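[1] Okay, predicted coordinates and the sequence, questions at the end:
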Amino acid sequence: MPEGLNIESDINVRAATPKADRPVREKKPAVPASLIAQVHNRMLREIVRVGFAPGERLKIDRLAQRYGVALSAVREALSLLSATGLVIREDRRGFRVAPVSLENYRDVRRILGRLWRMGLNMALENGDPAWEKRLVLALYDTLKFDWNAAKDNPQLYEIWDTLFRAFHREMIAGSNSPALVRVYDGLLDQVERYRWLVSDVQADTDFDNTNHKALVEALLAHDAQRLQQAMENYGKGGVHLAAAVEAKLQADEERAARTARRSAAQRRPPISWTEE
């Protein structure tokens, strides 16, 4: 035992010291869940709408300053987003926005379509009267949207996006499966980000309105055959939008490949010709 160290004496002194006189470690206050949710939602919106570029580094200190919150709130929000596939967490390098690719877009869109069909078929079986009322109200909100006003005020399109998302989510909610809804929401965010890459391409709202009504009518009638037909018809929509996204992704990937080839050629050492 090192000289001067008396364990028994130290224990007796500590036991005799009143708790009130002992030094107390200050605990950092927990970040309110509501604050984390606010930061998460703001970041999610910016990522989906390409406010942060694909592959961009997300520096916690800059984000905390941007949103006026503590570092811990940003860190917690990023951890939540990393579970959605929109943010990538790299060991010892922090966080960055997930990249985009043609392969990923096709994959996510295909899986989202299958989950959507599964959710509607489950809603046909599990939907209750309370859900039916919510579904009708969600449909009504989309149908009453004033497109003429939106032409003069493009910011109103954000309201349409919110209503459109709420309606589709309500259809899936009838499945009575929180797990399915959670996965569906995450995939929908990913597909939505791809759509914002070609934000100048407008959706066919007349097609959406007509087919939304057909889907709801089939669900309310509990008619499986009618629902299958309505889903098939609705699945034919959005072709021009998907084509625009794929064209942009393919062009971007070809451009990146050309740039990589030029960079590799510039790094290649020159060939030295010597006379024998």
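    Yes, it's here. Numbering: from 1, shown residues only.

[2] Quick check: which element contains the residue most central in space within the chain?
    When the chain is reduced to its mean C-alpha position, the nearest residue by Cα atoms, centre = their mean turns out to be Asp189, at 3.7 Å. When secondary structure is defined using DSSP states H and E, the element that contains Asp189 is helix 178-196.

[3] related to what we said a few turns ago, what residues are up against the residue nearest to the centre of the chain?
    44, 48, 84, 86 (Cβ atoms under 8 Å, 6 or more residues apart in numbering). In short, each C-beta sits where N, CA and C put it, glycine included.

[4] Can you give me the distance of it to Val100?
    In this structure, Asp189 and Val100 are separated by 13 Å, where distance is defined by Cβ to Cβ, to the nearest Å.

[5] Overlap in contacts, these two.
    Overlap between the contact sets of Asp189 and Val100, as judged by Cβ under 8 Å, 6+ apart, is nil.

[6] coming back round to it: what's the most distant pair in the contacts of Asp189?
    Every pair in the contacts of Asp189 was compared (Cβ to Cβ); the two farthest apart turn out to be Val48 and Thr84, at 10.0 Å.

[7] isn't Leu163 right next to Phe145, touching?
    Yes - counting by Cβ atoms under 8 Å, a contact exists between Leu163 and Phe145, whose distance comes to 6.2 Å.

[8] At which residues are the strands of the chain located?
    If you assign secondary structure with DSSP state E, the strands in the chain sit at 57-58, 87-90, 94-97.

[9] Out of the ones you listed, which is the most enclosed?
    Of these, the one with the most neighbours on average (mean count of other Cβ atoms under 10 Å) is strand 94-97, at a mean of 19.

[10] Mind giving me the PyMOL select for the contacts of Asp189, buried ones only?
    To isolate the buried ones among the contacts of Asp189 in PyMOL, judged by 16 or more other Cβ atoms under 10 Å, type:
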select buried, resi 44+48+84+86
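
[11] from the contacts of Asp189, which single one is nearest Ile159?
    Distance from Ile159 was checked for each of the contacts of Asp189 by Cβ to Cβ. The minimum falls on Val48, at 15.7 Å.

[12] how many neighbours does Phe164 have?
    19 (other Cβ atoms under 10 Å).

[13] Only C-alpha atoms, please: export the helix holding Asp189 in CSV.
    Below are the C-alpha coordinates for helix 178-196, written out as CSV (Å, rounded to 0.1, in the frame of the first residue of the first chain):
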residue,chain,number,x,y,z
PRO,A,178,-48.1,1.0,-36.1
ALA,A,179,-45.0,-0.8,-37.4
LEU,A,180,-46.2,-0.7,-41.0
VAL,A,181,-47.2,3.0,-40.7
ARG,A,182,-43.7,3.8,-39.3
VAL,A,183,-41.9,2.0,-42.1
TYR,A,184,-44.2,3.5,-44.7
ASP,A,185,-43.6,7.0,-43.3
GLY,A,186,-39.8,6.6,-43.6
LEU,A,187,-39.9,5.3,-47.2
LEU,A,188,-42.4,8.1,-48.1
ASP,A,189,-39.9,10.7,-46.8
GLN,A,190,-37.2,9.1,-49.0
VAL,A,191,-39.4,9.1,-52.1
GLU,A,192,-40.5,12.6,-51.4
ARG,A,193,-36.9,13.8,-51.3
TYR,A,194,-36.4,12.4,-54.8
ARG,A,195,-39.5,14.2,-56.0
TRP,A,196,-38.0,17.5,-54.8
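
[14] list the contacts for the closest residue to Val39 other than its chain neighbours?
    With sequence-adjacent residues excluded and distances taken as Cβ to Cβ, 6 or more residues apart in numbering, Val39 is closest to Ala77, at 4.1 Å. Ala77 is in contact with 36, 39-40, 43, counting by Cβ under 8 Å, 6+ apart.
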